[in-house]
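**Q** What follows is a predicted structure for the sequence shown.
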Amino acid sequence: LDEQVLQAQKLEAVGRLAGGIAHDFNNLLTVMASYAGMAREGLAPDSPEAHDLDEVLKAIDRATALTRQLLTFSRQRLSDVQPLDLNGVVRNTDSMLARLIPSNVERRIELATDLPPIEADATQMEQVLVNLVVNAVDAMPDGGRLTIRTSRSRLSGLHGADSTAPAEDCVCLEVSDTGVGMDAATLARVFDPFFTTKPLGKGTGLGLATVHGIAQAAGGRIVPQSEPGKGTAMRVYFPLVRPAQEAEPDSANPGSSSRA
Ligand code: ADP
């Protein structure tokens, strides 16, 4: 449990720092995109200057995506927590995921029927899925099989309770791959912010820290399983919508679902 406290403290400190930088950076990127866009408009489409500016705009896009990831990581963005169908999230991201997955990777999707709703932010769930899928793809440079699975499950330690608490009903999102896998030392560090084994420019080391943060905010837990040379399964468990909360009228305080 000490480990968990330490992890939470580290996350909070790095999150605050990253969030502050990302926020200011995002404003600067907006200015850059605006001026570069205006300069681009006055140019002949096939001129070398137009090509150069397109490259600048592309780099700005990438930087914007990165700062957005940092902002989510630090949870500065307001989240919109609602009863959510996880299967719907998988279906909605399907075309985006299809583009992320190269042709040498077989994609399997197994969705449970009658999956109960969880309480979470749809955009954050998409981010969880995308981050896990990107990692799975990166782990299979020579191809393999990627499986996205949803299921009903039972697990203890939800809502931040320790694992001696009684098990409760929950929903599991599993992303598994037949890739390189991880040894115990790597596995122990995967949720550390900025821990990455990927080359500079490819990995930020924020993917799983983000997934961890989002899962925790939703009262969930992430349980990794991996074997070197065999592959990895990342299972993220989310508690169900609690009936009492579902019935609670929110009219006295509209728009109160946001969390700082
Ligand atoms: P990044 O993907 O930017 O490196 P992450 O936090 O998402 O950051 O992942 C941290 C590290 O965990 C990765 O660099 C990799 O070493 C390891 N990892 C994560 N997912 C997998 C996976 N599915 N298979 C093998 N290693 C993984």
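**A** Thanks, I have the structure now.
**Q** What sits closest to residue 109 if chain neighbours are left out?
**A** Residue nearest to residue 109 in three dimensions, not counting chain neighbours: residue 148, with 5.0 Å by C-beta to C-beta, 6 or more residues apart in numbering. In short, each C-beta sits where N, CA and C put it, glycine included.
**Q** OK, now which residue of the chain is nearest to the ligand?
**A** In the chain, the residue that lies nearest the ligand is residue 207 (2.4 Å; C-beta to the nearest ligand atom).
**Q** quick one: contacts for that residue?
**A** 131, 134, 135 (C-beta atoms under 8 Å, 6 or more residues apart in numbering).
**Q** tell me the phi and psi of it?
**A** Dihedral pair for residue 207: phi -60, psi -60, per degrees, to the nearest 10.
**Q** Tell me the confidence at it?
**A** pLDDT recorded at residue 207 is 86.
**Q** Also residue 245?
**A** 48.
**Q** Now do the residue lying closest to residue 64 once chain neighbours are set aside, the pLDDT please.
**A** Leaving aside its chain neighbours, residue 64 sits nearest to residue 29 (5.2 Å; criterion: C-beta to C-beta, 6+ apart). Looking at residue 29, its pLDDT is 90.
**Q** swap in residue 81?
**A** Residue-level pLDDT assigned to residue 81 equals 82.
**Q** just residue 234 next, same as before
**A** For residue 234, the predicted pLDDT is 98.
**Q** now the one 5 residues further on
**A** Residue-level confidence at residue 239 comes out at 94, pLDDT.
**Q** likewise residue 194?
**A** Listed pLDDT for residue 194 reads 82.
**Q** cool, and residue 200?
**A** As predicted, residue 200 sits at a pLDDT of 72.
**Q** just to revisit the earlier point, extract the C-alpha set from the helix or strand the residue nearest to residue 109 falls within and format it as CSV.
**A** Using DSSP states H and E, residue 148 sits within strand 144-155. What follows is strand 144-155, C-alpha atoms only, in CSV (Å, rounded to 0.1, in the frame of the first residue of the first chain):
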residue,chain,number,x,y,z
GLY,A,144,0.6,-11.0,-34.2
ARG,A,145,-2.9,-10.9,-32.7
LEU,A,146,-4.5,-8.1,-30.8
THR,A,147,-7.7,-8.9,-28.9
ILE,A,148,-10.1,-6.4,-27.4
ARG,A,149,-12.5,-8.0,-25.1
THR,A,150,-15.2,-6.8,-22.7
SER,A,151,-16.7,-9.0,-20.0
ARG,A,152,-18.5,-9.0,-16.7
SER,A,153,-16.3,-9.7,-13.8
ARG,A,154,-15.9,-9.7,-10.0
LEU,A,155,-12.9,-8.1,-8.3
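**Q** which parts of the stretch 101-250 of the chain sit against the ligand?
**A** Applying C-beta under 6 Å from any ligand atom, we find that the stretch 101-250 of the chain lies next to the ligand at 131, 135-136, 139, 177, 179-182, 186, 190, 195-198, 203-209, 232.
**Q** Select only the buried ones of those residues in PyMOL?
**A** To isolate the buried ones among those in PyMOL, judged by 16 or more other C-beta atoms under 10 Å, type:
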select buried, resi 131+135+136+139+177+179+180+181+182+190+196+203+204+206+207+208+209+232
